[in-house]
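> I'll drop the sequence and a predicted model, then ask my questions.
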Amino acid sequence: MSNSEIYEKVKERMIRYAKVDTQSQPYKGTWPTTDKQRNLAYMLRDELIRINVSDVYMDEEACVVYGKIPSNITDGTGTAVGFVAHMDTAPDASAENVKPFVVEKYDGGDIVLNPEKDIVMRASDYANLSQYVGQDLILTDGTTLLGGDDKASIAAIMTMAEYYTTHKDVSHGEICLAFTPDEEVGGLARDLDLNRFGAKVAYTLDGDHLGWYEDETFYASEATFKFTGRSVHTGTAKGIMINAVDMASFVMASLPKNEKPQFTSGTEGFYHVISCEGDCEHATVRMIIRDFDLDKFRKKEDFLRECATKLQEEYGADRVELSINHQYSNMKEVIEKVPYLTDILKSAIKKAGIEPVCEPFRGGTDGAALSFRGLPCPNLSAGYENAHGRFEYVPIQSMEKNVEILLNICEAFSEL
């Protein structure tokens, strides 16, 4: 498979996958959260079979797709390696009726996405565009997200798999593949069967910027306050009314002003209110808590408990409910014990002619959860840009390079 063939295959796959609506939904209470994710799962299952990947299996209930490329090293050397990507797209913008198109040899100026609706991606608003002058970009018409997060990864993994199934003379150890649902809404590969998957170590592909990788994530929890008030006519409310919105407002006002996403960067943690809704009788505040430092993270959780205690003392214990649910931990705890994984990753990126960049990931990946389940999983960026929004795009050359990086990783594992 030549470079031009790899280019065409990742391009075709990204466009084809983008057209499948796989948007997940939070707070559904079912897994997968949307049945439509199965449409892509069936497509990938059938495609894996068509390109002669072995042990292809789709867990119908969990909506997880598996496949393997058996080792072709006859002397028994080589170590199995896995790759994991998620099929769902974020609920932040519409994923219905995605209309991808290609801008060839981007010239550095503004890009008209939708002339009828006057939707323009302005170069002055998106500085990252300047890095891709001369490259070919896949975008949408500005009414939906594209879904490069994480379909650009799937396109690269599938193209890497097809490379090996059509180049049987290229030595490699066992390569294990899995595609999972609901990463964007906290699924975190919860139903990935590690025994069926097969590999003892793996890499997720999920993130912006070609050549970036992560071996560190947040500690993460979601907190929900529920308040119960007492409503009565405002004219006779004195001494009787208890306003649930007042309790919610107390929590909102108590949060440290500068410990919010819009004021933090690097390894700084934050509180982020996802939603606040209510009336006099009932109010709910949902938020996420994030920090890279475990002690600071625990202090954030304790701070919210203190807020709840103060309100319980004032209004009554039965009127204030706080639940804090752990989501994932900093995968650095696990990854630093297997440093060869990041060494191989850095070497694979360099071998592709790119300078690797490591930055603490201000988010979570399936790998953060999988690492603590016994499958260490550093993360390689998928190379998309402006994820979760209508101005998302994927440089085709980034996907092409990611295929090269994956091949370099597999080559390194063939020699372990």
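Good, I have the coordinates. Keep in mind it's a predicted model, so treat the numbers as computed, not measured.
> in stretch 90-110, what counts as buried?
Under the neighbour-count criterion of 16 or more other C-beta atoms under 10 Å, stretch 90-110 has 90-91, 93, 95, 98-100, 103, 106 buried. For glycine as for every other residue, the C-beta is placed from the backbone atoms N, C-alpha and C.
> For A382, state which of those residues is nearest.
A90 (13.4 Å; C-beta to C-beta).
> where does the closest one land on pLDDT?
Note for A90: predicted pLDDT of 96.
> That one is in contact with L146, isn't it?
No - using C-beta atoms under 8 Å as the test, A90 is too far from L146 to be in contact (10.9 Å).
> Show me the longest helix that occurs in the protein.
helix 294-315 (DSSP state H).
> packing partners for it?
Helix 294-315 sits against strand 219-228, helix 244-254, strand 282-291, strand 320-328, with contacts defined as 3 or more C-beta pairs under 8 Å, 6 or more residues apart in numbering; DSSP states H and E.
> which residues are contacting the next helix or strand after the last one?
Read that as strand 320-328. Note on strand 320-328: by DSSP states H and E, the next helix or strand toward the C-terminus is helix 332-335. Applying C-beta atoms under 8 Å, 6 or more residues apart in numbering, the set of residues contacting helix 332-335 from outside is 215-217, 341-342, 371-372, 376-378.
> Secondary structure of H272: a helix, I assume?
No - counting by DSSP: H, G, I helix; E, B strand; the rest coil, H272 is not part of a helix but strand.
> picking that back up, the longest helix of the chain versus strand 219-228: what angle between them?
Counting by axes from the mean of the first three to the mean of the last three C-alpha atoms, to 10 degrees, helix 294-315 points 0 degrees away from the direction of strand 219-228.
> buried ones in helix 294-315?
297, 300-301, 303-304, 307-308, 311-312, 315.
> hmm, back to that, among the contacts of helix 332-335, which two are most distant?
T342 and F372 (17.1 Å).
> which one is S398 nearest to, not counting chain neighbours?
G383 (3.1 Å; C-beta to C-beta, 6 or more residues apart in numbering).
> Now do the same contact list for the one you found.
Contacts of G383 by C-beta under 8 Å, 6+ apart are 148, 152, 208-210, 394-395, 398-399, 401-402.
> now do L322
Neighbouring residues of L322 by C-beta under 8 Å, 6+ apart: 223-226, 304-305, 307-308.
> Mind doing that once more with 10 Å?
223-227, 251, 285, 301, 304-305, 307-309, 311-312 (C-beta atoms under 10 Å, 6 or more residues apart in numbering).
> Report the two of those separated the most.
Between any two of the contacts of L322 (C-beta to C-beta), the greatest distance is 18.9 Å, for F227 and E301.
> hang on, isn't V56 packed against A41?
No - in this structure, V56 is not within contact of A41 by C-beta atoms under 10 Å, at 11.5 Å.
> shared neighbours of those two, which are they?
V65.
> hmm, back to that, I'd like the helices and strands packed on helix 294-315 written out as a markdown table, with mean pLDDT and distance to H86 added.
A markdown table is the format used below for the helices and strands packed on helix 294-315 (pLDDT from 0 to 100; distance: least, C-beta to C-beta, whole Å):
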| stretch | mean pLDDT | distance to H86 |
| --- | --- | --- |
| strand 219-228 | 97 | 16 |
| helix 244-254 | 98 | 32 |
| strand 282-291 | 98 | 19 |
| strand 320-328 | 96 | 14 |
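> Please enumerate the helices of this protein.
Under DSSP H, the chain gives helices at 3-18, 37-50, 148-166, 194-197, 244-254, 294-315, 332-335, 340-351, 366-372, 396-414.
> right, so of these, which gets closest to P360?
Among the helices of the chain, helix 332-335 sits nearest to P360 (C-beta to C-beta), with 8.3 Å.
> Return the set of buried residues in that closest one.
Buried, per 16+ other C-beta under 10 Å, within helix 332-335: 332, 334-335.
> Make CSV out of the buried residues of helix 294-315 and add pLDDT and distance to E5.
As requested, the buried residues of helix 294-315 are exported to CSV (pLDDT from 0 to 100; distance: C-beta to C-beta, whole Å):
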residue, pLDDT, distance to E5
F297, 98, 47
K300, 98, 50
E301, 98, 51
F303, 98, 55
L304, 98, 54
C307, 98, 58
A308, 98, 59
L311, 98, 63
Q312, 98, 65
Y315, 97, 67
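> Which of these sits closest to Y163?
Of all the buried residues of helix 294-315, F297 has the smallest distance to Y163: 41.4 Å, by C-beta to C-beta.
> Report the contact partners of that closest one.
Applying C-beta under 10 Å, 6+ apart, the residues near F297 are 218-221, 269, 289-291, 329-330.
> what's near enough to touch V170?
72, 163-164, 407, 410-411, 414.
> Neighbour-wise, which one of those residues leads?
Highest neighbour count within the contacts of V170: C410, with 24 neighbours (other C-beta atoms under 10 Å).
> Fine by me, thanks again.
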